[in-house]
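> just the structure for this:
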Amino acid sequence: MSGNLPKNLAVKIYKLTKTPNLSKDFGLRDQIHRAAVSIPVNISEGDELGTNKQSIRNFYIVKGSVAELQTLLIISNEIDYIDNEKMNTLNNECNLISVMLNKHIKARRPNDL
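Numbers count the residues shown, from 1 in each chain. Just a heads-up that it's a prediction; the model follows:
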């Protein structure tokens, strides 16, 4: 899966977590980091795996990381660590990545599944 959206999202998340509230909440901050970094890393790994079955498995893992990140962003918003606009922007990027993943999974899935 090409494109910089997943990597750029991870960079945005790292910058976001430098804000005073998130930077001091080590548990939440670290969980957000792990979910955000997992997305581009597992996409890259999935693209390079030897079989479509292995690749698809990795892409489903990424979908889980996207959902995890979205949940963490919602929590961060609800405890007033990030504002609605930032949360909505990042959530929309997560949705775009999820759509891209669905298309990528479908393209790699054998016709008989």
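
> residue contacts, the residue most central in space within the chain?
With distances taken as Cα atoms, centre = their mean, Val66 lies nearest the centre of the chain, 3.6 Å away. If you count contacts by Cβ atoms under 8 Å, 6 or more residues apart in numbering, Val66 has them with Ile39, Cys94, Ile97, Ser98, Leu101. Backbone N, C-alpha and C define where each C-beta goes, glycine included.

> check Gly46 too.
Gly46 touches Met1, Gln54, Ser55, Ile56, Arg57, Asn58, Phe59, Ile61, Val62, counting by Cβ under 8 Å, 6+ apart.

> now do Arg29
So Arg29 contacts Thr17, Leu22, Ser23 (Cβ under 8 Å, 6+ apart).

> next one: it from His104, what distance?
Computed as Cβ to Cβ, to the nearest Å, the Arg29 to His104 distance reads 29 Å.
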